[in-house]
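Enquirer: Give me the fold of what follows.
(one chain, ligands or ions: 2)
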Amino acid sequence: MSWVARGSHQSNANANGNANCNGNGNGNGKFSNANRNGKTNSSPWRQKIAQQRKSLPIASVEKRLIEEVRKNDILIIVGETGSGKTTQIPQFLFNAGFCNNGKVVGITQPRRVAAVTVAKRVADECGVELGQKVGYSVRFDDSTSNSTRIKYMTDGLLLREALLDPYLSKYSVIIVDEAHERTVHTDVLMGLLKNVQLARSESINDGQNLNNGNKNANGFMLLDKDNGQNSSFDRKERREKSSPLKLIIMSASLDARTFSEYFGGAKAVHIQGRQFPVDIFYTRYPETDYVDAALITIFQVHLEETHGDILVFLTGQEEIESVERLIKERLTKLPQGSQNLQVVPIYAALPPEQQMRAFAPAPSGFRKVILATNIAETSITIPGIKYVIDPGLVKARSYDPGKGMESLIVVPTSKSQALQRSGRAGREGPGKCFRLYPENEFEKLEDSTMPEIKRCNLSNVILQLKALGVDDILGFDFIEKPSRTAIIKSLEQLFLLGALTDECQLSDPVGRQMARLPLDPDYAKALILASQFNCLEEMLITVAMLSVESIFYTPRDKYEEARTATKCFASPEGDHITLINVYRAATDFLEKRTVEMNKAKSEKVLRKWCNENFINSRSLRHARDIHRQIQGHVQQMGLKLASCGDDMLQFRRCLVASFFLNAAMKQADGTYRAYASGQVVQIHPSSVLFRKKPDCIIFNELIQTNNKYVRNLTRVDSLWLTELAPQFYAMQN
Ligand code: CDP
Ligand code: MG
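Expert: Ligands and ions are numbered 1, 2, ... in the order given. Here you go, the predicted structure:
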């Protein structure tokens, strides 16, 4: 491929601000010196980690940062990616005594991968076992204990914690990290934390305030509404639990003003980063196939450029897996001496130990190529990157409030994302970034990404806010208000699902139960309904399987073989039952073979089974984990765990009762019209119903490429719609 080179980006070349690292330089003083894997405190490995920590730009400003935290209840910290914010600041706070008396420093991340990998790194730096002093908690995966003092978690998870503990009383400091990402959870969390902080300081100034159950500016009810009866903790306990809460908002982008203004003129500090020049290259012409262009560029760099690892930004798990296979295939065609390229994927659904592979150095003599989603943009910093390949695309949520439809679409990145991506190449020395589009395309990009809250279905967060006692959603102090239409549409959906009453209050028990489940409202409702339809076992499997990406994998070169292999799972009723068949076949297989096997062995056996059956073993494993977790939740809630056996009619009827907003009818030309939105959609070729085309379907996913496709669907009887969802269809008729 031929390239057009453009001037290099260099924000602040070698700001070498790491001179006098202060007393806590080795940083692990207060942590126990667990002797793990022979990694003793004096081992070369430990020394190397201590050395790395000392050389981070942030190391020299530890004392000043702590002073600022002491002086300011809300502090905004802006620092370039890789300067050490996420890994170091929580340790500084720990060392400064913010975890005394059993208090916890909590750090939220927009992405689970970041929470998991960073926690692991920090546990290593501290020389402790993960899950002890340093832990993480993300949806469906908790690695914390009573002794956890530094806790990494997703922003969504902290929102859920607030349901159980409205004061977030165990935290002395909460750090909202990666705030520039502006995920919907981060935005809502900031509004919530503002209130928690206020309530906690009020409770210290005036113990009585706490007991009045009065609402503050946001209409946010911090306490039970019944003046103490049934309260989650009594007065004395409340007073003990209340102590000031420090808030830190961290961001990689340079615009601190929005945050500062939102938090009433909060102080912002900037941390000098270290950024080497990065040469930017553009393609001469637009690329028709960016995956192919990425492959060509990977090999061009590998064969022609000096040593240094490659980071490639792709849009999702499926794409990453297919590029991984293609690289491996092409590698076998290279001469022996050029095959020294190690491929490492990293994306959200990857099991944690495999995520960590991205951080490990390549074997000696090898070059590493990391295939990442946009998690590698700012959330995680992988050492050793010198070359970045950026097709300029990202998978993003998009929502049409008029139609009430949310979908995932691949869209161009913003300018600021493109700059962040290229910056990854200049962390340790000068680097190169290959943008797989012509330079004039760059100029056309949006400056920054629109906050997610403006482009997603809000029913999930509204349900949670309602459960937290926020009655007036339209009046909530959002950092950026979602449109009125979007809010009203989501309220309407929650009402149709039975989560809200006529007065727009959370219904009891359905709304409360739905808010407790860590799932989208329609999935939560499906589980609650399934216990009445006697098919909770089937619905649990369905929800778990729908929560992961791509259960089947169909390599291009083994297309026919894969089709034949997966035929035995196919159900004539549709994809939901097909997914149940896969899950059950895997479970049966394991049960027969692994009675006396240990975990590692049984996983190996399952992997082999998956390979033979063209099932994605990573996805299946993830689904099994999720299944275990939600089963725990529904059991705790006392839902009746029953199976409908062979009577799948019950299960299909339950799908209609739950996902009635996603029903579509066949039209004369073979396309479908979705009832609720009026959109014309087609059945995705991967569906088992692709050729059958039943008259009426229920679907779970809408994908937009050139056409609108629906995926994960089941054949249903259109008469069931009015029978099982009269609240919507009786009205429509
Ligand atoms: O948060 P920020 O982007 O400022 O930096 P960080 O995530 O704290 O990363 C600081 C340094 O730790 C980076 O230079 C990484 O090379 C290193 N790190 C690592 O080696 N392994 C990890 N799992 C995480 C960070
Ligand atoms: Mg960070």
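Enquirer: Spatially central, which residue of this protein would that be?
Expert: Centroid-nearest residue in the chain: R111, 3.8 Å away (criterion: Cα atoms, centre = their mean).
Enquirer: next helix or strand past the helix-or-strand element of the chain with minimal mean pLDDT?
Expert: Using mean pLDDT, DSSP states H and E, helix 235-241 stands out as the lowest-scoring helix or strand of the chain, at a mean of 50. Downstream of helix 235-241, the next assigned helix or strand under DSSP states H and E is strand 246-251.
Enquirer: Please pull up the helix or strand immediately following that next one.
Expert: According to DSSP H and E, the helix or strand after strand 246-251 is helix 257-262.
Enquirer: Hmm, A376 and the residue nearest to the centre of the chain touching each other?
Expert: No: in this structure, R111 is not within contact of A376 by Cβ atoms under 8 Å, at 10.2 Å. C-betas here are computed from N, CA, C, even on glycine.
Enquirer: Would you mind getting the angle between the longest helix along the chain and strand 246-251?
Expert: Identified as the longest helix of the chain according to DSSP state H is helix 184-205. Computed by axes from the mean of the first three to the mean of the last three Cα atoms, to 10 degrees, the angle separating helix 184-205 from strand 246-251 equals 160 degrees.
Enquirer: just checking, what packs against the one helix or strand K432 maps to?
Expert: Using DSSP H and E, K432 sits within strand 431-435. In this structure, strand 431-435 packs against strand 278-283, helix 290-304, strand 385-390, helix 415-423, with contacts taken as 3 or more Cβ pairs under 8 Å, 6 or more residues apart in numbering; DSSP states H and E.
Enquirer: pLDDT weak spots in the protein?
Expert: Applying pLDDT under 70 to the chain picks out residues 7-42, 204-242, 254, 556, 594-597, 731-733.
Enquirer: of all of it, which residue lies closest to ligand 2?
Expert: Closest to ligand 2 within the chain is T86: 3.2 Å, counting by Cβ to the ion.
Enquirer: What is the neighbour count of that residue?
Expert: Neighbourhood size, T86 [other Cβ atoms under 10 Å]: 29.
Enquirer: and it, that's in a helix?
Expert: Yes: counting by DSSP: H, G, I helix; E, B strand; the rest coil, T86 falls inside a helix.
Enquirer: Next, the contact list for it, please.
Expert: I107, Q109, A114, V118, D177, M250 (Cβ atoms under 8 Å, 6 or more residues apart in numbering).
Enquirer: care to break this protein down by domain?
Expert: 22-271, 278-450 (automatic domain parsing).
Enquirer: what about the residue of the stretch 501-650 of the chain found nearest ligand 1, distance to R624?
Expert: Closest to ligand 1 within the stretch 501-650 of the chain is R618: 19.9 Å, counting by Cβ to the nearest ligand atom. Distance of R618 to R624, computed by Cβ to Cβ, to the nearest Å: 11 Å.
Enquirer: who has more neighbours, those two?
Expert: Ranked by neighbour count (other Cβ under 10 Å), R618 and R624 place R618 first, with 22 against 19.
Enquirer: what helices or strands is the helix or strand containing the more buried one leaning on?
Expert: Using DSSP H and E, R618 sits in helix 617-636. The contact analysis (3+ Cβ pairs under 8 Å, 6+ apart) places helix 617-636 against helix 521-532, helix 536-546, helix 575-593, helix 599-613.
Enquirer: would you list those helices in a markdown table and tack on distance to A50 and mean neighbour count?
Expert: A markdown table is the format used below for those (distance: least, Cβ to Cβ, whole Å; neighbours: other Cβ atoms under 10 Å):
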| stretch | distance to A50 | mean neighbour count |
| --- | --- | --- |
| helix 521-532 | 46 | 23 |
| helix 536-546 | 42 | 24 |
| helix 575-593 | 43 | 18 |
| helix 599-613 | 32 | 14 |
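Enquirer: Let's have those in JSON lines, adding distance to ligand 1.
Expert: Formatted as JSON lines, those follow (distance: least, Cβ to the nearest ligand atom, whole Å):
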{"stretch": "helix 521-532", "distance to ligand 1": "31"}
{"stretch": "helix 536-546", "distance to ligand 1": "28"}
{"stretch": "helix 575-593", "distance to ligand 1": "31"}
{"stretch": "helix 599-613", "distance to ligand 1": "24"}
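Enquirer: So which of the ones you listed is nearest G423?
Expert: Nearest to G423, of all the helices and strands packed on helix 617-636, is helix 536-546, at 35.9 Å by Cβ to Cβ.
Enquirer: Please enumerate residues in contact with the closest one?
Expert: Contacts of helix 536-546 (Cβ under 8 Å, 6+ apart): 519, 523, 526-527, 529-530, 551, 576, 579-580, 582-584, 623-624, 626-627, 630-631, 634, 639-644, 648, 651, 654, 658, 700-701, 712.
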